[in-house]
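Visitor: the following block contains a protein sequence and its predicted model.
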Amino acid sequence: MIVVAIIATLAAIAIPQLSIYRTRSYNTAAVSDLKNAAIAQEAYYVDTRQYTNSISVLTTTPYNLSISQGVTLAVSSANNEAYLMTAFHSAGSITYTLPGPGGTISP
């Protein structure tokens, strides 16, 4: 009986922590995809001297941006001087924003 109580107590502690770690990993996937999209934007800029409003352009050759499953990546605005991109994982809890070039990712 005591063993069952100890296991139940440990499970009550571990299960919420597991959920927190899973959410954190989903958020990290969104950040990683956003960083990779910034690299693809810069490669596109080198070729065309402007940034693109289309994620689909960045997923094609030669930029080959790969987006993780569950991540929604969008370009809010782009022109020949700057861009603004956002990323969110469907199982995550934070939408991240990256102004570029040279910006910092922020929640």
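Guide: Here it is on my side, so go on.
Visitor: for the chain, longest helix please?
Guide: Criterion DSSP state H: the longest helix present in the chain is helix 2-48.
Visitor: so what does it touch, helix or strand wise?
Guide: Other helices and strands packing on helix 2-48, by 3 or more Cβ pairs under 8 Å, 6 or more residues apart in numbering; DSSP states H and E, are helix 55-58, strand 71-78, strand 83-89, strand 95-100. Where you see a C-beta, it was placed from the backbone N, CA and C, and this is true even at glycine.
Visitor: which of those is buried the deepest?
Guide: strand 83-89 (a mean of 22; mean count of other Cβ atoms under 10 Å).
Visitor: can you list contacts of that strand?
Guide: If you take Cβ atoms under 8 Å, 6 or more residues apart in numbering as the criterion, strand 83-89 is touched by 26-27, 29-31, 33-34, 37-38, 41, 51-52, 68, 70-78, 94-101.
Visitor: next one: it to chain centre, how far?
Guide: From the chain centre to the centre of strand 83-89 is a distance of 7 Å (Cα atoms, centre = their mean, to the nearest Å).
Visitor: roughly how far does residue 89 sit from residue 104?
Guide: As judged by Cβ to Cβ, to the nearest Å, residue 89 and residue 104 stand 19 Å apart.
Visitor: about what we covered before: can you put the helices and strands packed on helix 2-48 in a markdown table and add mean pLDDT and distance to residue 2?
Guide: Conversion of the helices and strands packed on helix 2-48 to a markdown table gives the following (pLDDT from 0 to 100; distance: least, Cβ to Cβ, whole Å):
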| stretch | mean pLDDT | distance to residue 2 |
| --- | --- | --- |
| helix 55-58 | 96 | 56 |
| strand 71-78 | 96 | 45 |
| strand 83-89 | 98 | 41 |
| strand 95-100 | 96 | 46 |
